[in-house]
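Student: Quick check, what structure comes out for this input:
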Amino acid sequence: MSVHRNVLTLLAAIVLGACGFAASAQDKPKVVATFSILADLANNIGGDRVDVATLVGPDGDAHVYSPTPADGRRLADAKLVIANGFRFEGWMSRLIKSSGTKALVVEAAKGVEPIKAEEHGDGHADVDPHAWQSVANVKRYVMNIRDGLIAADPTGKAAYEANAVAYLERLDALDRDVKAAVEAIPRDRRRIITSHDAFGYFQKAYGVTFVAPQGLSTEAEASAKDVAKIIRQIRREKIPAVFLENVSDPRLLERIAKESGARIGGRLYSDALSGADGPARTYIDMMRHNIRALSAALSS
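Tutor: Next comes the predicted model:
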């Protein structure tokens, strides 16, 4: 009888423990990030307290993304939605409305000084949305996401603040490393060609000039006139390298490289992280990969 009672007690403990685990998993605040870079920031700040879902995943192009019914359900269940802002996700307001979500919506780029931009095709963008290409701007993203998590889950305030402090220190180290790497590149070689105009904030922060045949959005197609102009510029200014992007069709830049004589310097990650087996699994990995690729191509 004693053995039987002990077995029953053990089984009850296992069942209760499993129920407690399930309840704790269900109790995690659901956070939806519009694209992979924001999801990584949310995971770093939220840690184990949050359940983060991503709408536009690794290597995905948020410029041309079409939301699905499943995305609407994710938003409906969320306590916090994190978007970039600056009109980067042109589809987001419609998705929020159609989902009926009651979630708090945070714009990660709020408070960042935008770069004024002249769009080359779609006519709807008046600022450059790619503010995460400056590490200093991402520190503002972190603070906005931290505050959003605290508002959505006040009991996690201490954890979110501590995680944010630790991550901001890592960003400070990253910013110093990027600046040092650029400083080591000869000034007259700090010029490259990329697919679309995603690196304006990197250029402003670190002093590398980027020229792109497409505009701010990958939706805008480069005209034959734009392509010919860039080929002439490459030859005239002896721009050493052309870089492909993980979210863009490589054929245009391959053609430009072939006709101009510039070499393809590698692949940059602009609007999305890589998959788990790639070199840009996190935001910090992405920035370190990009500066290594730039340094290798422009220093030789």
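Student: Which elements pack onto the host helix or strand of residue 168?
Tutor: Following DSSP states H and E, one finds residue 168 within helix 157-183. Packing partners of helix 157-183 (3 or more C-beta pairs under 8 Å, 6 or more residues apart in numbering; DSSP states H and E): helix 36-46, helix 135-152, helix 200-206, helix 283-299. All C-beta spots, glycine's among them, are computed from the backbone N, C-alpha and C.
Student: quick one: pLDDT of residue 235?
Tutor: Residue 235 is assigned 78 on the pLDDT scale.
Student: hmm, back to that, show the average pLDDT along the helix holding residue 168.
Tutor: For helix 157-183, the per-residue pLDDT averages 98.
Student: I'd like the next helix or strand past it.
Tutor: Sequence-wise, the next helix or strand downstream of helix 157-183 (DSSP H and E) is strand 191-193.
Student: Partner strands of that next one and their direction?
Tutor: Partners of strand 191-193 in the sheet, by DSSP bridges, are strand 209-211 (parallel), strand 241-245 (parallel).
Student: any idea how far residue 131 is from the residue nearest to the spatial centre of the chain?
Tutor: In the chain, the residue lying closest to the centroid (C-alpha atoms, centre = their mean) is residue 37, at 2.6 Å. Distance, residue 37 to residue 131, by C-beta to C-beta, to the nearest Å: 11 Å.
Student: Kindly report the same for residue 291.
Tutor: For residue 291 relative to residue 131 (C-beta to C-beta), the value is 18 Å.
Student: what's the answer for residue 50, then?
Tutor: Separation of residue 50 from residue 131 (C-beta to C-beta): 23 Å.
Student: residues touching residue 167, list them.
Tutor: 41, 44, 45, 142 (C-beta atoms under 8 Å, 6 or more residues apart in numbering).
Student: shaky segments in the stretch 151-300 of the chain?
Tutor: 195-196, 212-223, 226, 244-250, 252-253, 300 (pLDDT under 70).
Student: The helix holding residue 168 vs helix 36-46, what angle?
Tutor: Per axes from the mean of the first three to the mean of the last three C-alpha atoms, to 10 degrees, the angle that helix 157-183 makes with helix 36-46 is 130 degrees.
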